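Undergrad: build me a model:
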Amino acid sequence: LERSLPLYPEASRRLAVTAGELRLLNGDGALDALAGDWSAAGQRVLLRRGPHRRPLHAALSEFVTVADLRAAGAATGTTRLSVPLRPAAVELDVPVCGTYAGTGGIEGPSTLTGQAKPRLYGFKRNVEPVLIDPNTLIYQLHDGPMQQVVAVRDKGVALTNGGDGASYSALLAASVVSGTFKTCLAAGLLRVGAIPSLLTADARGDNDAATGGYNTGSPAGIAQKLLQGPGGIAGANGADFDWPVGEFGLWLQGGTAGQAVEMLAAAVFGWWGTTTSGRYQGGRLAPPEDSEPSLTIEPFMLAAPPEEIGPLRAPWWRARVGYQALGRTQEGDQFAGAVSATDRAFWGAAWRSTLAIDTGISAAYPLAEDGPELVSGFDLEADAQSLADRLLAIFGRPRRLFLARLRAGGETRVAAGAAEAFSPAEVAQRSDLVITMLPDSPDVEKVALGTDGIVEGAHEGLIYVDMSTIAPSIAVKVGEALAEKGV
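TA: A predicted model of the protein is given here:
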């Protein structure tokens, strides 16, 4: 199993994971039915590691999970089957948007059949809603409940908000006069009173209570919604996304849930993926000199000498970050004559930019680069400025990159002089002193007195020290049981 982080902004933000393949011995033909069976593709593959014993096999409780992966295809082979493996993040390769049935009403006219329904997360400016009922001028901004329609404009001229209807039928029955609009936030809809020339809106999107309601549009909160909603990932609320906080917008009209999370990660210069245990996570790079080491690599931990990754890249003297990215831009006759020059300039620019500059870098390094502009999803300049400062801190000095291949965890500890055992009983059998520090009373009782527990490997003269904070009654019970073994 190999995982590598994306380092530069132009790289894919998903963790690069190489999972290899699972090889199954099939000399007796018992697994012949798996060969060529594509129904297994995409299924969960849980890899566990434990002791090998004869004649009786070890109990499943003695095995620990090594990886939670997915089958990438059908098994191939005869006496030995090979199943290609992929990380659990491939579960998000599913459509992020539903599609219109084209049957009329909220499912749109026949001309929309099969077209993706829009999804809006967080706050986004100047998006162009989808016309789903040409006769009643009903448009859709989000497929589901949404938080707020902040503003609606026709060719840049603001319309007046006439209130909200509780349902699609209520919106259909409402009276909407020219120059105004009404909404149905429960279904992500709006209705205007006259045929518009170019309708755009500023809005705050998904407010589905099943995925936590509206969460101020933070990137991490949007990621959680994508996992739980379109992604259908059970337990996704346990995911950990360490991304910057700020009001953020994501407007989707197709693609997969994985592509949507990728867009999020790219727009905050973060990374995302799954751990080998299958848990979703996201993070971001930090200047190494400003961070505590997350891992100290000793020589005995290396499976091979470190390799430098090239070619070397020049440091940046400037970092640029875009913010207030519009859903669409307008120009020329796409504005009404009454729209001011200031508003024309605002709605005509795809985004605004903020900068972080260090002239000392360009003076010290003649070939220093002007870093590529990163267009974020943030709405506030201050949030974009923080990101620009971070980018310059990371890339505004010479860096060298190395690939260090480490031994597996157990191999590393053994290489450092540890002995490997597969059960508390085996530990007790091979030791003169056993020390435990466990969370609670049931854990101590299981490790000390359970199946393959310390009691089964205990011997005369063994010293057992439990440093857990547990109920006195359990401590007495364990002590009495082990005392019978001479402990």
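Undergrad: CA only for contacts and neighbour counts going forward, please
TA: Will do.
Undergrad: which residues touch Q148?
TA: Contacts of Q148 were listed using Cα atoms under 8 Å, 6 or more residues apart in numbering, and they are L185, A203, R204, G205.
Undergrad: correction: the previous question concerned R313.
TA: R313 makes contacts with P398, R399, as judged by Cα under 8 Å, 6+ apart.
Undergrad: could you report the pLDDT at it?
TA: Looking at R313, its pLDDT reads 90.
Undergrad: just among the contacts of Q148, which is most surrounded?
TA: Highest neighbour count within the contacts of Q148, by other Cα atoms under 10 Å: G205, with 31 neighbours.
Undergrad: would you agree that residue is in contact with P118?
TA: No: the pair G205 and P118 does not pass the contact test of Cα atoms under 8 Å, sitting 10.3 Å apart.
Undergrad: overlap in contacts, the two.
TA: By Cα under 8 Å, 6+ apart, G205 and P118 have these common neighbours: H142.
Undergrad: one step back: turn the contacts of Q148 into JSON lines, including pLDDT, distance to A58 and secondary structure.
TA: What follows is those, written out as JSON lines (pLDDT from 0 to 100; distance: Cα to Cα, whole Å; DSSP: H, G, I helix; E, B strand; the rest coil):
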{"residue": "L185", "pLDDT": "98", "distance to A58": "57", "secondary structure": "coil"}
{"residue": "A203", "pLDDT": "97", "distance to A58": "58", "secondary structure": "strand"}
{"residue": "R204", "pLDDT": "97", "distance to A58": "55", "secondary structure": "strand"}
{"residue": "G205", "pLDDT": "95", "distance to A58": "52", "secondary structure": "strand"}
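Undergrad: export those residues as TSV, with columns for distance to A475.
TA: Putting those into TSV (distance: Cα to Cα, whole Å) gives the following:
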residue	distance to A475
L185	59
A203	60
R204	56
G205	55
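Undergrad: nearest to A338, of the residues you listed?
TA: Ranked by distance to A338 (Cα to Cα), the contacts of Q148 are led by A203 at 23.2 Å.
Undergrad: tell me how far that closest one lies from G165.
TA: 16 Å (Cα to Cα, to the nearest Å).
Undergrad: what segments of this protein are helices?
TA: Across the chain, reading from the start of the chain, the helices by DSSP state H fall at 168-173, 219-228, 257-267, 341-348, 359-364, 381-395, 409-415, 424-429, 441-449, 454-457, 472-483.
Undergrad: which of these sits closest to G310?
TA: Proximity of the helices of the chain to G310 was assessed by Cα to Cα; the nearest stretch is helix 381-395, lying at 15.2 Å.
Undergrad: pull out the buried residues from the closest one.
TA: Of the residues in helix 381-395, 381, 383-385, 387-395 count as buried by neighbour count, 16 or more other Cα atoms under 10 Å.
Undergrad: CSV for those, including distance to Q224 and pLDDT?
TA: As requested, the buried residues of helix 381-395 are exported to CSV (distance: Cα to Cα, whole Å; pLDDT from 0 to 100):
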residue, distance to Q224, pLDDT
E381, 24, 97
D383, 20, 96
A384, 22, 97
Q385, 25, 98
L387, 21, 96
A388, 25, 97
D389, 26, 97
R390, 24, 95
L391, 25, 96
L392, 28, 97
A393, 28, 95
I394, 27, 94
F395, 29, 95
